[in-house]
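Colleague: here's my sequence, what's the structure:
(chains A and B)
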Amino acid sequence: MALNPDFIGRTYPSSEPYLVGREKIREFARAIGDANPAYHDVAAAQGLGYADVVAPPTFAIAFIFASTSAVILDPDLGLDYTKVVHGEESFVYARPIVAGDELVVVNTIENIRAAAGNDMITVKSHVSTTSGEPVVVTTMVIVARGTDAQ
Amino acid sequence: MTTHLKFTDVVVGTKLPALSVPIQRLNLIMYAGASGDFNIIHWNERFATSVGLPNVIAHGMFTMGAAIRVVTDWVGDPGAVVEYGVRFTRPVPVPDDGIGALLEIRGEVTELLDTGRVRITLTASSAGQTVLGKAQAVVQLA
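Modeller: Predicted structure coming up:
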């Protein structure tokens, strides 16, 4: 079943604020096997000019994932989640994420298309501080394998 | 943003030190917990093989997160990475055989941009096969 094209351009309400924790950054860095002192050591991060430990470049996915999951699991969209694979991901930073940031996510379905029997959906997530400072924009392409042929 | 690397010190073709990252099931369990992505294909072999995968596979975002270290180790300050994007071209199976998988990452400066930025093109492979496509990062140098 093809996806519902009416969803193209749909923007969802802002997420609840996510408080970036120092221990969450350390946990994420350990999980990707990265001992960079800027992720773990407050003094090292401050030596680079940051207020607190810095988040790894892909850290944002840890809080964006929950909000985009809600978007792509909307039953009216028609995505078969059992067939879903992650196709592409990108991050464009206005500035690095630092422990103590309080961030909100606004998701927009940028595109829906079918190619080679697969359905593809592109979700753009604008992340900013609760005071409106832009921080990062992510673009996620989700592929549902073989669903356009059904 | 503070990096010791100067824009004038790099040229197109500058190679970054390569990196090998061993991946065991434990790494995927840790990544599931840290990222909140508990998709069963990343930890349950019975389920993964039942949906046609060769084995439990690494989260694409684990591979993406591990691969950028070739850049952040080189530049020192991870905040110097201003853009990073990849395509997930092939899954990375992680067997429960005491060995797991090995991810091999390379990076090379492929473009000098304005305002002191450079584009790095990354290659990531496992078991001799490319696992990330169009993997590129833009880094702000001093």
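
Colleague: what residue ranges in the chain score low on pLDDT?
Modeller: By default, I'm working from chain A. A:1, A:147-150 (pLDDT under 70).

Colleague: wait, chain B was what I had in mind.
Modeller: B:1-2.

Colleague: contact residues of it facing chain A?
Modeller: Selection of chain B residues close to chain A by Cβ under 8 Å from any Cβ of the partner chain yields B:1-2, B:21, B:27, B:30-31, B:33-37, B:51, B:60-62, B:64-66, B:68-69, B:72-73, B:77-79, B:81-88, B:134, B:137. Where C-beta positions appear, they are placed from N, C-alpha and C, glycine not excepted.

Colleague: so residue B:37 makes contact with residue A:63?
Modeller: No: contact criterion Cβ atoms under 8 Å: residue B:37 and residue A:63 do not qualify, at 11.8 Å.

Colleague: so for those two, which residue has more residues nearby?
Modeller: Shown here are residue B:37 and residue A:63; by other Cβ atoms under 10 Å in any protein chain shown, residue A:63 has more neighbours (23 against 20).

Colleague: quick check: the nearest residue to that one once chain neighbours are set aside vs residue A:130, distance?
Modeller: The spatial neighbour of residue A:63 that comes closest, neighbours along the chain excluded (Cβ to Cβ, 6 or more residues apart in numbering or on different chains), is residue A:18 at 4.2 Å. Using Cβ to Cβ, to the nearest Å, we find residue A:18 at a distance of 10 Å from residue A:130.

Colleague: okay, these two: which has more neighbours?
Modeller: Neighbour count, other Cβ under 10 Å: between residue A:18 and residue A:130, residue A:18 has more, with 20 against 13.

Colleague: list the contacts for that one?
Modeller: By Cβ atoms under 8 Å, 6 or more residues apart in numbering or on different chains, the residues touching residue A:18 are A:63, A:102, A:103, A:104, A:105.

Colleague: next one: phi and psi at it?
Modeller: Backbone geometry at residue A:18, expressed as degrees, to the nearest 10, gives phi -110, psi 120.

Colleague: and whichever residue of chain B sits closest to chain A, what is it in contact with?
Modeller: For chain B, the residue closest to chain A is residue B:85, as judged by Cβ to the nearest Cβ, at 3.0 Å. Going by Cβ under 8 Å, 6+ apart, residue B:85 touches A:88, A:89, A:90, A:91, A:139, B:134, B:135, B:136, B:137.

Colleague: can you name the residues bridging to it?
Modeller: In this entry, residue B:85 is beta-bridged to residue A:90, residue B:136, by DSSP bridges.

Colleague: buried ones among the residues of chain B next to chain A?
Modeller: B:1, B:21, B:27, B:30-31, B:34-35, B:37, B:60-62, B:64-66, B:68-69, B:72-73, B:77-79, B:81-88, B:137 (16 or more other Cβ atoms under 10 Å in any protein chain shown).

Colleague: hmm, back to that, filter the contacts of residue A:18 down to the ones in helices?
Modeller: residue A:63 (DSSP state H).

Colleague: name the nearest residue to residue 28, sequence neighbours excluded.
Modeller: In the absence of a named chain, chain A is used. Per Cβ to Cβ, 6+ apart, closest to residue A:28 is residue B:34, 4.5 Å.

Colleague: nope, chain B please
Modeller: residue B:42 (5.2 Å).

Colleague: also residue B:118?
Modeller: Closest to residue B:118 by Cβ to Cβ, 6+ apart is residue B:109, at 5.2 Å.

Colleague: so where do the helices sit in chain B?
Modeller: Counting by DSSP H, the helices of chain B are B:25-35, B:45-50, B:60-67, B:69-75.

Colleague: quick check: buried residues in the second one?
Modeller: Neighbour counts using 16+ other Cβ under 10 Å place B:45, B:48 of helix B:45-50 among the buried residues.

Colleague: quick one: contacts of it?
Modeller: B:40, B:41, B:55, B:56, B:57, B:96.
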